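Colleague: Give me the fold of what follows.
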Amino acid sequence: MRGGPMDVRVAVRSLAHTPLRVWAVLVGVYATCLIIGRPAVHELLGAAAVAAGVEAVSPGSFPALLTSPVAWLFGSAALLVSVASALVWTALTLAVVARGFDDARTVRAVLTRAAVILRHWTRSGLALLAVPLALLSPLAGFGVLSPLTASLSIPPFIAREFLKAPLSGALWVAMMTATVLASFAVIMLLSWSNDGEPRSVRRARREARESLRRLRGPACAVAVVAVATAVIPPDATIVSGLVSVLASLAIAVAFVTSRYTPPSTAVASHRPAAWSPARATVVIALGAVALTISGSVVAPTASSAGEADGPLVIAHRGYDRGGPENTISGLEAAARRGADVVEVDIQQTADGDFVAAHDTNLLVLAGIDRSVSEMTTSELTRTTVSMHGRSDTIPTMEDYVRRAHDLGVPLLLEFKVTGQETPDFVERALRRLDALGALDGRNTFQSLDVETVRTLERLRPDLSVGVALAMYSGELPRIGADFFVVEQASVTAAMIADAHDRRAPLYAWTVNDDLEIRALLDLGVDGIITDRIDSPVLGGDGARP
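Modeller: Sure, this is the predicted structure:
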């Protein structure tokens, strides 16, 4: 039966009257997905990496992964497990809601209904929507319907690069809006097609148009869930698991009741579940134990093996609220804020010299559609870059290093590799730095390019050299690095433990959210690379200039 706008009272009663045994089933299924499914996905991805002859799944290993049929097989299996878990979980939550509109919700009735929904989705082809449900909705911020991929997200460093300037920021907002709308549409289609009734395409379109005006409730539900899950500390496995179960059911209620108005007695006639202290304690305890086990499998706590004086606060490209990234003013602002170390990016110019710059193209920061590798040092040092209302010119590597020495600030120099460098660019850079006395142990070095790290280690084994890893899943590379710098979304307790077993620090980058900073510090990272050196979590006052 079609009805009007979502009745919030019906939705609340539906959640409140869900029997404890059904909640127990929901918690148990979700925990099972984490205990069995997530490790299985990690093992399959690890097997894909082994089959392709690489150490881990990362952007750098994609060519090898794509050319190995066996790696394709393992990767497809990992995708299938993730998609299947999203499909089953969504069908189960919809089944719980659906049974509340016609008869008492028993575990058997819920499972039977879920099987009917899955069969209908499979026959109608709607099961294919589980692919964007598992891979797209987490990117939009509400992956509660995707147990194995709920933590999937666009790495924050990508968002940061887009948001550096108004034009690229507008493009980012447009892309994220499209992602949210597409995810919303997927959940809507699955929710409204759960009854197993055959529908023509024309009828489905007509019903969708008629129901658009009733989407205020589901939209609010999804928004609330997205905000709620965003503020949960990343390492709070039990809390996030229980919230995911509740949020999944809330979303199902919101969407289903936006299309159907149950008979006035359908929900109210059910007796409220007997929430006796004993039964409630048993269910909560079982859920907590199950989710604790899942947490110990997925993210065990790592013991800290950091430096004795505590985790390092590393200013990412300086302090961009005091001056544009990788400029002298940004360096000086970071020094005033008390950063332990300042990270800076180094690129080679067209005439073989070196400048401090991150973007390979200057369109975003300088409004010039030219690449650093195409410009001479003289052209680059006359170029003005702007961020957050402040401007400065691009400095040479030598000028940046000299100023850091004057300020008494150690540097973490990252060699950016674009493919346009001279074959001996590492040797050239080291000669310049040696002439400045910058290779005396004060400064450290890193690169995303493994070969550059190996070259640095070979040429100057006395230096502290690390490897940077982004969008990385698997074991840390065995290249003899002195430390590891891992993008925050890729950091795991296993990586930290592995690094510490090798007596190597592990730093997380670029971490700007206070909750993320706190969670990673609790997990045992040895340093935080951040734009927010003013964060109270890191000892700052929280104020910005």
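Colleague: Where does pLDDT dip in the stretch 51-200 of the chain?
Modeller: Along the stretch 51-200 of the chain, segments meeting pLDDT under 70 span 98-105, 193-200.
Colleague: One more: the chain?
Modeller: Applying pLDDT under 70 to the chain picks out residues 1-17, 98-105, 193-241, 243, 253-309, 541-544.
Colleague: what's the following helix or strand after whichever strand in it runs longest?
Modeller: Counting by DSSP state E, the longest strand found in the chain is strand 341-348. The element immediately downstream of strand 341-348 (helix or strand, assigned by DSSP states H and E) is strand 354-356.
Colleague: roughly how far is that following strand from the heart of the chain?
Modeller: Centroid displacement of strand 354-356 relative to its chain, using C-alpha atoms, centre = their mean, to the nearest Å, is 30 Å.
Colleague: and that strand, what other elements does it pack with?
Modeller: strand 341-348, helix 377-381, helix 397-407, helix 425-435 (3 or more C-beta pairs under 8 Å, 6 or more residues apart in numbering; DSSP states H and E). (C-beta placed from N, C-alpha, C; glycine too.)
Colleague: centroid residue for this structure?
Modeller: For the chain, residue 153 is the residue whose C-alpha lies nearest the centre (C-alpha atoms, centre = their mean; 3.6 Å).
Colleague: in the protein, which spans are strands?
Modeller: Remark: strands assigned in the chain by DSSP E are 56-57, 312-316, 341-348, 354-356, 384-387, 390-393, 411-415, 444-447, 465-469, 473-474, 483-487, 506-509, 527-530.
Colleague: got JSON lines for the ones you listed, with distance to residue 50 too?
Modeller: Formatted as JSON lines, these follow (distance: least, C-beta to C-beta, whole Å):
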{"stretch": "strand 56-57", "distance to residue 50": "10"}
{"stretch": "strand 312-316", "distance to residue 50": "33"}
{"stretch": "strand 341-348", "distance to residue 50": "33"}
{"stretch": "strand 354-356", "distance to residue 50": "38"}
{"stretch": "strand 384-387", "distance to residue 50": "43"}
{"stretch": "strand 390-393", "distance to residue 50": "47"}
{"stretch": "strand 411-415", "distance to residue 50": "29"}
{"stretch": "strand 444-447", "distance to residue 50": "25"}
{"stretch": "strand 465-469", "distance to residue 50": "18"}
{"stretch": "strand 473-474", "distance to residue 50": "9"}
{"stretch": "strand 483-487", "distance to residue 50": "21"}
{"stretch": "strand 506-509", "distance to residue 50": "23"}
{"stretch": "strand 527-530", "distance to residue 50": "30"}
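Colleague: For residue 70, which of these is the nearest?
Modeller: Of all the strands of the chain, it is strand 56-57 that lies closest to residue 70, at 14.0 Å by C-beta to C-beta.
Colleague: Name the residues that touch stretch 388-397?
Modeller: Here stretch 388-397 makes contact (C-beta atoms under 8 Å, 6 or more residues apart in numbering) with 320-324, 326-330, 346, 353-357, 377, 380-385, 403, 429, 432-433.
Colleague: do you know how far the closest residue to residue 44 other than its chain neighbours is from residue 182?
Modeller: Closest residue to residue 44 apart from its sequence neighbours, by C-beta to C-beta, 6 or more residues apart in numbering: residue 78 at 3.9 Å. Shown here: residue 78 relative to residue 182, a distance of 22 Å by C-beta to C-beta, to the nearest Å.
Colleague: Comparing those two, which residue is more hemmed in?
Modeller: More crowded of residue 78 and residue 182, by other C-beta atoms under 10 Å: residue 78, with 21 against 14.
Colleague: what residues are up against the more buried one?
Modeller: Contact analysis of residue 78 by C-beta under 8 Å, 6+ apart lists 40-41, 44-45, 48.
Colleague: could you dump those residues to JSON lines with distance to residue 467?
Modeller: Formatted as JSON lines, the contacts of residue 78 follow (distance: C-beta to C-beta, whole Å):
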{"residue": "40", "distance to residue 467": "28"}
{"residue": "41", "distance to residue 467": "25"}
{"residue": "44", "distance to residue 467": "25"}
{"residue": "45", "distance to residue 467": "20"}
{"residue": "48", "distance to residue 467": "21"}
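Colleague: Closest one of those residues to residue 58?
Modeller: With C-beta to C-beta as the yardstick, the closest approach to residue 58 among the contacts of residue 78 comes from residue 45, at 10.6 Å.
Colleague: what about that closest one, how many neighbours?
Modeller: By other C-beta under 10 Å, the residues close to residue 45 number 21.
Colleague: Mind giving me the PyMOL command for buried ones among the contacts of stretch 388-397?
Modeller: Applying 16 or more other C-beta atoms under 10 Å to these, the buried members can be selected in PyMOL as follows:
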select buried, resi 320+321+322+323+324+326+327+328+329+330+346+353+354+355+356+357+377+380+381+383+385+403+429+432+433
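Colleague: wait, residue 372 sits on residue 356?
Modeller: No. In this structure residue 372 lies outside contact range of residue 356 using C-beta atoms under 8 Å: 10.3 Å.
Colleague: Setting aside sequence neighbours, what's the nearest residue to residue 456?
Modeller: Residue 456's closest residue in space is residue 465 (C-beta to C-beta, 6+ apart), at 4.6 Å.
Colleague: can I see the domain layout of the protein?
Modeller: Domain assignment for the chain by automatic domain parsing gives 8-298, 312-538.
Colleague: looking at those domains, which is buried most?
Modeller: The highest mean neighbour count among those, using mean count of other C-beta atoms under 10 Å, belongs to domain 312-538: a mean of 20.
Colleague: Figure out how far that domain is from the centre of its chain.
Modeller: 21 Å.
Colleague: Now do the contacts for the nearest residue to residue 358 once chain neighbours are set aside.
Modeller: Among residues not flanking residue 358 along the chain, residue 345 sits closest, at 4.2 Å (C-beta to C-beta, 6+ apart). By C-beta under 8 Å, 6+ apart, the contact set of residue 345 is 317, 326, 356-358, 414, 416.
Colleague: now those residues in JSON lines, with distance to residue 460?
Modeller: JSON lines is the format used below for the contacts of residue 345 (distance: C-beta to C-beta, whole Å):
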{"residue": "317", "distance to residue 460": "24"}
{"residue": "326", "distance to residue 460": "23"}
{"residue": "356", "distance to residue 460": "20"}
{"residue": "357", "distance to residue 460": "23"}
{"residue": "358", "distance to residue 460": "23"}
{"residue": "414", "distance to residue 460": "16"}
{"residue": "416", "distance to residue 460": "19"}
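Colleague: Residue 164 touches residue 366, doesn't it?
Modeller: No. The pair residue 164 / residue 366 is not scored as a contact, 11.2 Å apart, by C-beta under 8 Å.
Colleague: Give me the residues contacting stretch 154-164.
Modeller: Taking C-beta under 8 Å, 6+ apart as the rule, stretch 154-164 contacts 139, 168-169, 171-172, 325, 359, 364-365, 387, 470-471, 487-490, 509-513, 531.
Colleague: Where is the longest helix in the chain?
Modeller: helix 69-99 (DSSP state H).
Colleague: returning to that earlier point: so which of the contacts of residue 78 is the closest to residue 22?
Modeller: With C-beta to C-beta as the yardstick, the closest approach to residue 22 among the contacts of residue 78 comes from residue 40, at 26.0 Å.
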